[in-house]
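In: I need the structure of the sequence given here:
(chains A and B)
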Amino acid sequence: MSSAPITLTVNGTRHTFDGDPTMPLLWYLRDELALTGAKYGCGITSCGSCTVHVDGQPVRACTRRMGSLDGVSVTTIEGLHPTGEHPLQLAWREIDVPQCGFCQPGQIMQAAGLLRNNPKPTDQDIDTAMNNIICRCGTYPRIRAAIKAAAEKRS
Amino acid sequence: MSARDFLPWLAADPSAMADSVLHEATHMVPEHDDTVNAGRRDLVKMLGMGGLLVAAGPLGVRRLEAADRLFGIRGAAESWEPHAYVRIAEDGIVTILCHRSEMGQGIRTTMPMIIADEMEADWSKCRVMQADGDEKKYGSQNTDGSTSIRDFLFKYREAGATVRALLEDAAAKEWAVSADTVKARNGVVVHEFTGRTKAFGALVATARGIAMPAKERVRVKQPAERRWQGRKMTSIDLVPVTTGRATYGADVALPGMMTAVIARPPVWGGKVVSVDDSAALKVAGVERVVRIPETPIPGAYLPLGGVAVVAKNTWAAIKGRDALTITWDHGPNASYDSTAYKATLMESVRKPGQAGRTNGDADAALASASRKLSAEYYVPHLSHAQMEPVAAVARVEGGKVEAWAPTQSPQDARNTLAQYLKVDAANVTVHVTLLGGAFGRKSKPDFICEAAYLAREVGAPVRVQWTREDDLRNSYLHSVAAHHLEAGMDGSGKVTAWLHRSAYPSISATFAPNVPGPGPDELTNGASDIPFDIANMSVEACPAVAHTRIGWYRSVNAIHHGFAIGSFVDELAHAAGKDSVAFLVSLMGKDRQVDLSKAGLVAPASNYGASWTDHPLDSGRARRVLQLAAEKSGWGTSLPRGRGRGVAVHRSFLSYITMVVEVEVLPDGTVLVPRATVAVDAGFVANPDRAKAQMEGALVMAMSNTLYSEISFQQGTVVQSNYRDYQVTRMRAAPRVVDVHLVESEGLPGGIGEPGVPPAGAAIANAIYAATGVRVRELPVGRQLAGWQSKATE
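Out: You can find the predicted model right below:
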């Protein structure tokens, strides 16, 4: 199991990890870096509460093994914007999207990935991109509205 | 309690520091990252500058409270507590203690806005602190039954108005003028004649020395005087939530804390026969393997027991548990099987049950009816599947128990911890984090007991983390239910007889042995309190024995009651050849207010904990929300094949709600919801935007319940394991438009969190019928609609 230490960047800070390479990124972020914005919801990439960016693309941190992350750059919700004012974060507040809020970091990180690749998403683009992020409170209609509002403001 | 005075004390006392640092790693809180407003923002900034690393959200606030306790700041000169819910500091910061748990309903915003409004506080100077469990001080904290506003609106108003009167009295005293010449206005008290003002903070010194205002001095605002009640208010936790800094149960970390993952009996009532933990103990990071004794069934709020793997981090604990080899004795429920049980329930509802409501003679009226209809409905077990699997942190030191948990009921948590660990409740402190969804699951403190038990066993703080698999397989499930309905109509299509029998394992079976089935009282949750005017009614509860832990899940029995009743009346309308809305209006008869305890309900004739005098069954309110939703939804206009509207009206938790849901059914049977119209009469609504959000959420959750979700058992064990096979609503199917209309009212408030669910399920099923001709009588819809275009209409 032992392997060379893994070096990765998290929210702009370099870290070295020499623990269990099978440990998912999610538990590294939460337990070792105390970055608890990415949430545990399912552990099998079914719910998306753990969504973070790896090299700019949204991924599920719950199954990304640390052993596969040498040299990558990770961005979590805490690092999405230096003052928490990413257009999506602002739109989320404007529309008062969250209810319990637990899934919302994952929703925002997934939506940020969508807007990066596709600044003007259609309804269908939004549905496709966001379908893997579950919200049990049922904030989906407001999430759609917030993504559209953020996209419009950006353009 | 100004930040300046606070900081040195914290820095001076290392034990206070330890208590305060919940996250040891880099976790600086930026300036904007505040629960509310400027005062705390400064404080957080200063804490950060002092080198303390702080988590925001309720726990950030919590830390203040912990420090408050440690240093007795409450008794210090600058802090004043005129009411259990309110503190005012000399710098003008108003702290409102939220004693109810925040799980998405918005109470951390709604409660403070009511109190601050009545106080005439300056909202920008208000902040919110989450109260620890202390029922004696705050009143019930059991955040359940959609009760926060319906039980506390007037108490919150009175609390705010009392503090306002007190501040006015203080100003009058300082100025030596008559109290009726001064008025509090937006954080200051103004003297009418001279225009002199004095800020709330500047009045603290005087106010603390004067008597509480006489009752007649306490004047709750007239509607026109209100600033925020009844208007949209931005939620207070938006910044921490959208920046990932809000603190939920699993986010709490204490110095030296370990994490535990537990193997629990897969069957209710099962026991460990033997365990081989040698492989688990070899997993790097695993520290201990601890047996937790099984609680004999029914175990109420206590842990199921099992084998805990305690480790340095969550991943090690998960891997360690995977490495356990356990032999189980599955106990008395080892043969529980959902297919067989469904047949048992169906048999049960085909025989007369225990009367819950009796009007006239339903049997005789059925026998003489010119037309008779009957139908049966089935709803499986459901799981809350809240996004945050339960998790809790506990520390046990020197006979004192301290827990941090996403609990809906800190008082039950506290009492259960005391009972379980055999300590005095006075030595138990329960801190409430944000709840990552709850829906009733987090009313049960079993998981908090697990954390405390393990913390005591290992002598260190422990976090218990449930996996999603644990959450689905060892939960307190929503009851599986069967319904049998019969109705008799006369020649004109008027319903003259109503027979409704239902069978489902009772929630009581989780708390008492040998419960044979639901009691009549459970029928008052949306079955025997229906707003229909039918001369001959019999609503009956039929036997059903529980083979798993049953608990309450958002709207509880009203989920299946609402589905069965709302579907059946739609079937009746179609059978009578009438428009569903028109049929429902006629079914309600003349507008009337009925005290059902005197009109057929069997004692104790519950009414969601309220009196029938305050909240009679009001068929006029039901009719009005029905007609309002119909009008706003374009009811009656035509839709192409494959699209249809369904309607259902329901009363639960003292509120009246109609949902008109429009569905589009794709050729493969996929159900989409282009539009839904909701009309709500919940009496006075304090925070309309959050009420609307609850209706949106209720619809989405009812879609899950109706279309996708099912927990089933084989050999006593839950078949489903995760969101892969326990399906819930996702973005693609989510409603495009949810148009919510709140009836403006000064009436006594009803519930908001739950009552949207029951009508939504039936409205969806009725819309599916309208769209496809397929009548869904068993949930979930699942694949029942595959190939619907070639299916013959029943």
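In: got the contact list for the residue of chain A found nearest chain B?
Out: Nearest to chain B in chain A, going by CB to the nearest CB, is residue A:37, at a distance of 2.0 Å. (C-beta placed from N, C-alpha, C; glycine too.) Counting by CB atoms under 8 Å, 6 or more residues apart in numbering or on different chains, residue A:37 makes contact with A:76, A:77, A:78, A:105, B:243, B:244, B:245.
In: For the helix or strand encompassing residue A:74, give me every contacting residue.
Out: Here residue A:74 is covered by strand A:73-75, with elements defined by DSSP states H and E. Strand A:73-75 is touched from outside by A:8, A:9, A:10, A:11, A:25, A:29, A:52, A:53, A:54, A:55, A:56, A:109, with contacts defined as CB under 8 Å, 6+ apart.
In: most neighbours, which of those?
Out: residue A:52 (32 neighbours; other CB atoms under 10 Å in any protein chain shown).
In: That one against residue A:25, yeah?
Out: Yes - Residue A:52 is within contact range of residue A:25, at 7.1 Å (criterion: CB atoms under 8 Å).
In: Take the contacts of residue A:37 and lay them out in TSV including neighbour count, distance to residue B:716 and secondary structure.
Out: Formatted as TSV, the contacts of residue A:37 follow (neighbours: other CB atoms under 10 Å in any protein chain shown; distance: CB to CB, whole Å; DSSP: H, G, I helix; E, B strand; the rest coil):
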residue	neighbour count	distance to residue B:716	secondary structure
A:76	25	41	coil
A:77	30	40	helix
A:78	26	43	helix
A:105	28	37	helix
B:243	28	44	coil
B:244	28	40	coil
B:245	28	42	coil
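In: picking up where we left off before, common neighbours of residue A:52 and residue A:25, please.
Out: In contact with both residue A:52 and residue A:25: A:61, A:74, using CB under 8 Å, 6+ apart.
In: now the nearest residue to residue B:603 once chain neighbours are set aside, what's its secondary structure?
Out: Leaving aside its sequence neighbours, residue B:603 sits nearest to residue B:597 (CB to CB, 6 or more residues apart in numbering or on different chains; 7.5 Å). Secondary structure, DSSP: H, G, I helix; E, B strand; the rest coil: residue B:597 is helix.
In: I'd assumed residue B:612 was in contact with residue B:597.
Out: Yes - here residue B:597 reaches residue B:612: they are 5.1 Å apart, a contact under CB under 8 Å.
In: Any chance you could list residues touching both of those two?
Out: In contact with both residue B:597 and residue B:612: residue B:605, using CB under 8 Å, 6+ apart.
In: Strands along chain A, start to end?
Out: For chain A, strands defined by DSSP state E occupy the ranges A:6-10, A:13-17, A:51-54, A:57-60, A:73-75.
In: what number of residues lie near residue 82?
Out: This is for chain A. Residue A:82: 10 neighbours (other CB under 10 Å).
In: ah, no, chain B please
Out: Per other CB under 10 Å, the neighbour tally for residue B:82 reads 20.
In: For it, which residues are in contact?
Out: By CB under 8 Å, 6+ apart, the contact set of residue B:82 is B:88, B:162, B:163, B:166, B:207, B:208.
In: can you tell me which helix or strand it belongs to?
Out: strand B:79-83.
In: tell me how far that strand is from the chain's mean position?
Out: Averaged C-alpha coordinates place strand B:79-83 at 30 Å from its chain's average position (CA atoms, centre = their mean, to the nearest Å).
In: Pairing partners for that strand, with directions?
Out: Using DSSP bridges, the strands paired with strand B:79-83 in its sheet are strand B:86-89 (antiparallel).
In: where in the chain is pLDDT low?
Out: Since you didn't name a chain, this refers to chain A. A:1-3, A:155 (pLDDT under 70).
In: think we crossed wires, I meant chain B
Out: In chain B (pLDDT under 70), the answer is B:1-78, B:792-794.
In: So which residue of it lies furthest out from the middle?
Out: residue B:194 (49.3 Å; CA atoms, centre = their mean).
In: ok now do it, which residues does it touch?
Out: Neighbour list for residue B:194: empty [criterion: CB under 8 Å, 6+ apart].
In: which element is it on?
Out: Residue B:194 belongs to no helix or strand, assigned by DSSP H and E.
In: Break chain A down into its structural domains.
Out: By the record's domain assignment, chain A is partitioned as A:6-79, A:87-154 (automatic domain parsing).
In: Phi first, then psi, for the closest residue to chain A within the stretch 501-650 of chain B.
Out: Per CB to the nearest CB, residue B:554 is where the stretch 501-650 of chain B lies closest to chain A, at 9.8 Å. With angles defined as degrees, to the nearest 10, residue B:554 sits at phi -10, psi 110.
In: And the nearest residue to it once chain neighbours are set aside, its phi and psi?
Out: With sequence-adjacent residues excluded and distances taken as CB to CB, 6+ apart, residue B:554 is closest to residue B:439, at 4.4 Å. Residue B:439 adopts backbone torsions of phi 60, psi 20, taken as degrees, to the nearest 10.
In: again, but for residue B:355
Out: Backbone geometry at residue B:355, expressed as degrees, to the nearest 10, gives phi -70, psi 130.
In: now it, which residues is it bridged with?
Out: For residue B:355, the beta-bridge partners are residue B:540 (DSSP bridges).
In: isn't it right up against residue B:538?
Out: Yes - between residue B:355 and residue B:538 there is a contact at 6.7 Å, judged by CB under 8 Å.
In: which of the strands of chain A sits most buried?
Out: Highest mean neighbour count among those (mean count of other CB atoms under 10 Å in any protein chain shown): strand A:51-54, with a mean of 26.
In: Quick check: neighbours of that one in the sheet, parallel or antiparallel?
Out: Next to strand A:51-54 in the sheet, as set by DSSP bridges, lie strand A:57-60 (antiparallel), strand A:73-75 (antiparallel).
In: Surely the residue nearest to residue B:554 touches residue B:555?
Out: No - Residue B:439 lies out of contact with residue B:555 (CB under 8 Å); the separation is 9.3 Å.
In: Have a look at the two and say which one is more surrounded.
Out: residue B:555 (34 against 29).
In: Would you confirm that that one contacts residue B:650?
Out: No - using CB under 8 Å, residue B:555 is not in contact with residue B:650, being 9.2 Å away.
In: Good, wrapping up.
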